[in-house]
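*Asks:* attaching a predicted model along with its sequence, questions to come.
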Amino acid sequence: MREEQPRWEPLVLPGPCEPGKAIDDVLADDQNLVLVDNIVFPKYLFVYPWPSDGCLPADPQVVELPFSRVYEHIEKGQMSAGYVALLSTSAGEGGVGIYVSVLRRGDWAPVVVFAFEQSRTEIWDQELAGESPSLDERPFDLALQDHKLVLACSGALLYVDLQAFPSPPAPVPSAEADCPEVDLRRRTAFPGGHWQTLAPHEQPERIRFVAPGRLLLASKGDGSQASGRAWLQSM
């Protein structure tokens with residue numbers, strides 16, 4: 001990028017490029033470059049090892065992602081040494097859903113899915129009654145470090161120790177995910193997970209690990225009197 005006229009080299013993707021396909025997120029560490037495929041089912045992770053000679057990565061491992069619901073859109077991902085977590089949304093005739101799917105790195109077996117689902121009928125009933133949709137409580141951001149996963153929801157943070165979930169068997173190619181599912185609409189403790197209720201002034205808009213065991217929470221304010229702020233929280 002320091003060059004006056006940088007030379008761009010295309011990264012070859014595996015398989016044909018179907019209409020509607022796109023790369024939704026790019027994850028990277030010192031082991032792998034991971035491209036997250038988006039929108040059109042089936043979805044994939046393209047896992048490239050970094051070449052030792054500094055050349056472009058090639059010959060990726062293609063990992064088929066578990067199916068959650070139609071029209072699923074992957075919003076963002078996070079990667080640690082042992083896991084990958086993907087935040088996705090979905091909307092269709094049957095209702096809407098928000099999901100956080102966790103896979104184990106290496107064999108990419110599904111570990112657990114956190115789901116927040118609401119039927120279309122339930123949404124209509126709430127609107128007719130003049131109530132705010134409970135989707136306001138949905139997860140909207142995630143942070144992952146080692147085996148610690150944090151989900152940010154309206155009014156609460158969910159802390160999860162992924163080691164509390166049984167080690168999954170190696171996945172069967174093209175099979176649907178067979179792993180535990182946690183219902184995020186029930187804010188009750190479960191093995192490996194607990195909720196922290198937040199006061200209105202503690203509500204973040206973004207979360208991210210910035211050091212071992214140190215979680216950064218940030219809000220941008222409302223653009224008028226309230227200014228943006230950021231603070232650290234120990235895990």
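*Replies:* That came in fine, so what should we check first?

*Asks:* break down this protein into its helices, ranges please.
*Replies:* Using DSSP state H, the helices found in the chain span residues 120-128.

*Asks:* so where's it uncertain?
*Replies:* Applying pLDDT under 70 to the chain flags the ranges 15-20, 38-41, 68-70, 120, 123-127, 131-136, 170-177, 221-226.

*Asks:* quick one: end-to-end distance for stretch 89-108.
*Replies:* Using C-alpha to C-alpha, to the nearest Å, the gap from the first to the last residue of stretch 89-108 comes to 21 Å.

*Asks:* likewise stretch 196-203?
*Replies:* Using C-alpha to C-alpha, the distance between the terminal residues of stretch 196-203 is 11 Å.

*Asks:* flag every buried residue along it.
*Replies:* residue 198 (16 or more other C-beta atoms under 10 Å). Every residue, glycine included, has its C-beta placed from N, CA and C.

*Asks:* so residue 50 touches residue 60, yeah?
*Replies:* No: judged on C-beta atoms under 8 Å, residue 50 makes no contact with residue 60 at a distance of 11.5 Å.

*Asks:* between these two, which has more neighbouring residues?
*Replies:* Between residue 50 and residue 60, counting by other C-beta atoms under 10 Å, residue 60 is the more crowded of the two (20 against 15).

*Asks:* grab the nearest non-local neighbour of residue 145.
*Replies:* Excluding its sequence neighbours, the residue lying closest to residue 145 (C-beta to C-beta, 6 or more residues apart in numbering) is residue 209, at 4.1 Å.

*Asks:* am I right that that neighbour is in contact with residue 141?
*Replies:* No: applying C-beta under 8 Å as the test, residue 209 and residue 141 come out as separate, 11.9 Å apart.

*Asks:* which ones are touching the nearest residue to residue 206 once chain neighbours are set aside?
*Replies:* Spatially, and ignoring its direct neighbours in sequence, residue 206 is nearest to residue 218 (4.9 Å; C-beta to C-beta, 6+ apart). Residues near residue 218 by C-beta atoms under 8 Å, 6 or more residues apart in numbering: 204-207, 228-230.
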